[in-house]
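Asker: 3D model of this:
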Amino acid sequence: MAGASDVKSFNLIVNNVNDGPELQAIPNQIATQDIEFILQVHATDIDLNYDDAIFYYDDSDLFDIDLLTGEIKFTPTNADVGTHNIKITVSDGYDVNAMWPFTLTINNVNDAPVLETI
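Answerer: Sure thing, here's the model as predicted:
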């Protein structure tokens with residue numbers, strides 16, 4: 001039969017495959033003793049529409065990165081002066097991580113001498 005056709009309907013379900021988060025590059029940073037240091041770390045995850053979340057972690061003794069926002073905020077002290085190698089990691093909660101290392105240099109401020117009583 002010329003010109004004959006047949007049509008069938010069906011449902012096609014495409015399941016999501018978890019993609020890991022991506023961490024934006026973090027350039028080396030410079031901070032100054034006794035002055036608040038703030039750094040916003042940014043990450044993305046194309047699976048955020050599928051109930052993924054992004055969690056931020058650090059390996060530093062100087063500060064704790066905000067787990068949910070990626071903000072680093074602290075005031076370095078005299079004891080913190082020097083160069084510190086830091087690693088930031090982001091996770092989507094499904095054992096998929098991204099990591100970025102950077103160097104944080106904390107510059108010294110000349111502190112005034114203190115006169116002790118004799």
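Asker: tell me which residues touch the residue nearest to residue 41 when sequence neighbours are not counted, please.
Answerer: In space, not counting the residues next to it along the chain, residue 41 is nearest to residue 70; the distance is 3.9 Å by CB to CB, 6 or more residues apart in numbering. In short, each C-beta sits where N, CA and C put it, glycine included. Shown in contact with residue 70 (CB atoms under 8 Å, 6 or more residues apart in numbering): 40, 41, 42, 43, 54, 56, 90.
Asker: the nearest residue to residue 33 once chain neighbours are set aside in helix, strand or coil?
Answerer: Closest residue in space to residue 33, ignoring its immediate chain neighbours: residue 109 at 4.5 Å, by CB to CB, 6+ apart. What DSSP: H, G, I helix; E, B strand; the rest coil gives for residue 109 is coil.
Asker: coming back round to it: can you redo the contacts of residue 70 as JSON lines with pLDDT, secondary structure and neighbour count?
Answerer: Below are those laid out as JSON lines (pLDDT from 0 to 100; DSSP: H, G, I helix; E, B strand; the rest coil; neighbours: other CB atoms under 10 Å):
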{"residue": "40", "pLDDT": "98", "secondary structure": "strand", "neighbour count": "11"}
{"residue": "41", "pLDDT": "97", "secondary structure": "coil", "neighbour count": "19"}
{"residue": "42", "pLDDT": "96", "secondary structure": "coil", "neighbour count": "13"}
{"residue": "43", "pLDDT": "94", "secondary structure": "strand", "neighbour count": "20"}
{"residue": "54", "pLDDT": "91", "secondary structure": "coil", "neighbour count": "22"}
{"residue": "56", "pLDDT": "97", "secondary structure": "strand", "neighbour count": "22"}
{"residue": "90", "pLDDT": "96", "secondary structure": "strand", "neighbour count": "25"}
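Asker: residue 14: which of the residues you listed is nearest?
Answerer: Closest approach to residue 14 among the contacts of residue 70 (CB to CB): residue 54, at 23.4 Å.
Asker: correct me if wrong: the closest one contacts residue 42.
Answerer: No. If you go by CB atoms under 8 Å, residue 54 and residue 42 don't touch, sitting 9.6 Å apart.
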